[in-house]
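# Structure, please.
(chains A and B)
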Amino acid sequence: MTLTGLPLLLFAAAAAVAAAAAVVRLWSRAWIAARIAGVLLLETLVVFAAGLAVNRHEMFYPSWQALRGDTGTVAVTAPVAAGRLDATTASSFRWHPAGLAAWHLAAPPLVTLPADYRSRPGVTFPVVLSMGSAVPRILSAVTVTLAPTPRTTTSALRSLPFELRHDLRVATTGWVVMGAGRSLADLPPALAAPMTLPAA
Amino acid sequence: MSVALALAAVLAIAVLLATFWNRLRLAGRSGLILAAVLSVVAAAALQVNQLVQAYPTGGTPAAAASGSQMLTVSVPGRASQLTLQMYVYLPAAYRTGRDRFPVIEALHGYPGSPQTWLRRLGVQSYLDREIAAGRMAPTVVLFPYQTPNRLLDTECTNLRGGPQTETFLTVDVPAYARAHYRVRHSDWGLTGYSAGAFCAINLALRHPGFYEAAASLSGYASPGIKIGDGSENTTNNPGWRLRHLPQPPIALWLGWAADDRESAHDSRRLATLRHPPLSLTTAVVAHGGHSDAVWTRMEPPAFDWLSAHLPRPLS
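Reported below is the predicted structural model:
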C-alpha cells in the first residue's frame, strides 16, 4: 500500500473506529491491562490516521522510501556545459574571442586557469578580472587581465562574461573586479564609473 | 526529551483512565478523557515541533577556541521596525583572514526557524566540510528569523499592515552585518528551503543589484499567501516576474525532489520561463518528497554552487 494512497488512509481510519467500538463495548468486562492496551491502541490509530491525512494533503513524504529518508543515490545536477577551450593545454594564454574587436583593448586579454581547472571537470569556476597589471595565479578561480584603452566602454564589456562562458567553465556573476576602484587615475574615463560587471 | 515526557504522560493517563473509571462519576470521567486527548495532542505537537523547529529550545553550540563559530545576535531593525534574532556563521578563516568575506543569507521554511538549519540540516558541519575541502570559499552565512510571530507566514515580503520582513532582510540585516563583521558590502548570495527557497528566488529577483545569486531548495513560483496589496500575483510572484519583467543578470540554482509535486512543478515552470541574461542551474533529487533528507542532500552542492557565483577573498 502506498503511504499517500486512499486505501491505507481508509484502512487506518476504519481500524481507529473499530478500536473505539471495541474499547467501549468490552470496557466493563475487560481487565485493567486490557483496558490500558485498548486506550493506547485507539490513541495510536487516531494519530496514525490523522498523520496519514495531513501527509496525503501536504505530500511531505510521498512514499515509504521518502519517509525512511532515502533520497536515491545521486542528486542530478544539470550538467555543467564544457567550455570550447577546456582542452587547451596552456594554463595561461592570450584569449581571442569573437567579440574582441568591440572592446577596443590594447592587447587580447590574458587568461590564467587555476591549477585544478582540468581535474574538476564538473565545476563552474569564479572569475577574477584585473584591469591593468596581471594577477598571479589564484587557487580555484579563473583570472582575466584586460588592458583597456580610452575607447573601451563598460557597456561594450558587458558581453565579456558571456563570451568567456562560451569558452570556459566560468560563472557569469560574482566577478571580482580589481584595479577599477583602486587606481582610478590609470583607467580610461569610461571605466572610472563604478564597475560591477556584468550587472552594470 | 519533551516528547518522551509527553509520551510518559499519555501512558500515565491511560493507566489512570483504566484503573479509576469505575470509581468515578461523570465529571471525573470527562476530566480523564479530556486529559487523555490533550496528552496525545501535546505529544504529537511536540514531535512536529521537533521536526520543524518552529519553537526551538536551547541555543547554539558553545563557542570553540578554534574552527568555525555560530553566534547568536539580535538585529535591531531601524528601517523595518522589526527586531529579530539571527545566527551568524563565521568560517574558521575569519579568525585570521583580513579580506572582506562573501555573505550568504540562508532563510528558513514555514513553519520553522533558523534552528531548523542548525539542528535538522546540520548546516555548520556541512559548511565546515565544504570550505575545508576547497569546494567553497570561506563565507559568512547569516540565518535570520523572518517573522516576529512564529505562526505568521510572511514569505519574506512586506505585508500590508504587518511585519516588513523584506525590508528587514534586505536593509537591516545587511546594515547590521556591515557594521559588525568584515564582510563584502554587496554581491551577497541567498539560499533557503521550502518557503525560504521562495524567499531566496523572490528577493534575488527583486534586488538584483545587491544579490548576485540564489539557490532554492524545494521552492515555489508564488508565495501562497495574501500580501494585502495583490502583489502575490505580480511583483512578489517570481513566475509573473520572469514572464513580464526584464530578467536581471543574476544566477539561480533550483533544486527539488522529483516526487515533490508542487515544488517540482513550480521549479520546472520557472526554469522554462528563464532566458539570458538570467542564468540558471537545476538539480533534481530522485525522491524524498518535501523533507529534511532532501534538503541535507542538496545543501552541499547548493552552497558550493553559490560560492562559485559570489566574489571571494583573494587570499
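# all strands for the stretch 201-315 of chain B, in order.
Remark: strands assigned in the stretch 201-315 of chain B by DSSP state E, counting those that start in this stretch are B:211-217, B:251-257, B:279-285.
# Point out the most buried one among those strands.
Comparing the strands of the stretch 201-315 of chain B by mean neighbour count (mean count of other C-beta atoms under 10 Å in any protein chain shown), strand B:211-217 ranks first with a mean of 30. (Glycine included, C-beta is placed from N, CA and C.)
# would you turn the strands of the stretch 201-315 of chain B into CSV with mean pLDDT and distance to residue B:178?
Formatted as CSV, the strands of the stretch 201-315 of chain B follow (pLDDT from 0 to 100; distance: least, C-beta to C-beta, whole Å):
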stretch, mean pLDDT, distance to residue B:178
strand B:211-217, 95, 15
strand B:251-257, 93, 23
strand B:279-285, 88, 27
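# Could you report the distance from residue B:25 to residue B:32?
11 Å (C-beta to C-beta, to the nearest Å).
# The two: which has the busier surroundings?
Between residue B:25 and residue B:32, residue B:32 has the larger neighbour count (other C-beta atoms under 10 Å in any protein chain shown), namely 19 against 7.
# Count residues in the vicinity of residue 10, would you?
Went with chain A since none was named. 12.
# ah, no, chain B please
Residue B:10 sits with 24 neighbouring residues when counted by other C-beta under 10 Å.
# Just give the nearest non-adjacent residue to the residue of chain B found nearest chain A, would you?
Going by C-beta to the nearest C-beta, chain A is nearest to residue B:286 of chain B, at 2.8 Å. Among residues not flanking residue B:286 along the chain, residue A:72 sits closest, at 2.8 Å (C-beta to C-beta, 6 or more residues apart in numbering or on different chains).
# The one you found against residue B:289, yeah?
No - Residue A:72 lies out of contact with residue B:289 (C-beta atoms under 8 Å); the separation is 11.8 Å.
# ok, those two, which is more surrounded?
For residue A:72 versus residue B:289, neighbours defined as other C-beta under 10 Å are more numerous around residue B:289 (27 against 18).
# Which helix or which strand is home to the closest residue to the more buried one other than its chain neighbours?
If you skip the residues right next to it in sequence, residue B:289 has residue A:66 as its closest partner in space, 4.1 Å away by C-beta to C-beta, 6+ apart. Assessed by DSSP states H and E, residue A:66 sits inside helix A:64-67.
# Give me the distance from that helix to the chain's centre.
Centroid displacement of helix A:64-67 relative to its chain, using C-alpha atoms, centre = their mean, to the nearest Å, is 24 Å.
# who's residue B:144 bridged to?
residue B:86 (DSSP bridges).
# List the contacts of it.
When contacts are counted by C-beta atoms under 8 Å, 6 or more residues apart in numbering or on different chains, residue B:144 is found next to B:75, B:84-86, B:105, B:107, B:114, B:168-169, B:173.
# Tell me how many other residues crowd residue B:46.
Neighbours of residue B:46 using other C-beta under 10 Å come to 18.
# I'd say it and residue B:7 touch.
No - contact between residue B:46 and residue B:7 fails when scored by C-beta under 8 Å: they sit 9.1 Å apart.
# rewinding a little: in helices only, show me the contacts of residue B:144.
Mapping these onto helices (DSSP state H) picks out B:114, B:173.
# Would you list the buried entries among the contacts of residue B:144?
B:75, B:84, B:86, B:105, B:107, B:114, B:168-169, B:173 (16 or more other C-beta atoms under 10 Å in any protein chain shown).
# so where is the chain shaky, pLDDT-wise?
You didn't pick a chain, so chain A it is. A:73-80, A:179-200 (pLDDT under 70).
# meant chain B, my bad for not saying
Residue ranges of chain B with pLDDT under 70: B:1, B:58-62, B:313-315.
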